[in-house]
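1. Turn this into a structure:
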Amino acid sequence: MNEKILTALSALGFIVSPVGEISYTFKYDGLNYLYRLNDDGDGEGFLQMFVLTDINAKVCGPYDLYRLMDKTNDGIRYVKANLYDGYLCLFYENALFGYENYEVMLRNMINALEASFRFVYSELKDIQIVDGEFEEFSESDDDSLGV
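-> Alright, predicted model coming up:
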């Protein structure tokens, strides 16, 4: 099954590089994607795809980090936000039954992760970073003309 996934990624134009024995990485639109196949040998299993961000508790504070994760998990279908080594990681897992159209499935997974990545960073606009420390943004801090 892994060969089918590698073939589908190649057909979509991605250059895939192995990372360890069971993981692979590729780039798309400036993002590094990691995928791993958990195959039970019967043609069934799970395909997991990840995008790691550079957002941690030092960037936005622990409260806002968990609030951002909850908002992502509640608002975006199929993609889950978790912490990996202290950093926000976007995760998509898809069950495999052996008869999938891998190109369509992979394209959907990649698009969902990219949209989630953009959503997460758009949500950071309400948090100001000051000298490596976080600070909540309030309406009174807004210097715009309100136009």
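
2. and the residue positioned nearest the centre of the chain, which of the three is it?
-> Residue closest to the mean C-alpha point of the chain, counted by C-alpha atoms, centre = their mean, is residue 90 at 2.9 Å. Secondary structure assignment for residue 90 (DSSP: H, G, I helix; E, B strand; the rest coil): strand.

3. so who does it touch?
-> 50, 51, 52, 53, 72, 79, 80, 81, 113, 116, 117, 120 (C-beta atoms under 8 Å, 6 or more residues apart in numbering). Where C-beta positions appear, they are placed from N, C-alpha and C, glycine not excepted.

4. Could you report the separation of it from residue 99?
-> In this view, residue 90 and residue 99 are 27 Å apart by C-beta to C-beta, to the nearest Å.

5. now do residue 1
-> Taken as C-beta to C-beta, the span from residue 1 to residue 99 is 11 Å.

6. what are the ranges of the strands in the protein?
-> For the chain, the strands defined by DSSP state E cover 17-19, 23-28, 31-39, 45-56, 79-84, 87-96, 127-130, 133-136.

7. I'd like to know which of those has the weakest mean confidence.
-> Lowest mean pLDDT of these: strand 133-136, a mean of 53.

8. Give the buried residues for the longest helix that the chain contains.
-> With secondary structure taken from DSSP state H, the chain has its longest helix at helix 102-123. Buried positions in helix 102-123, judged by neighbour count with 16 or more other C-beta atoms under 10 Å: 102, 106, 109, 110, 112, 113, 114, 116, 117, 119, 120, 123.
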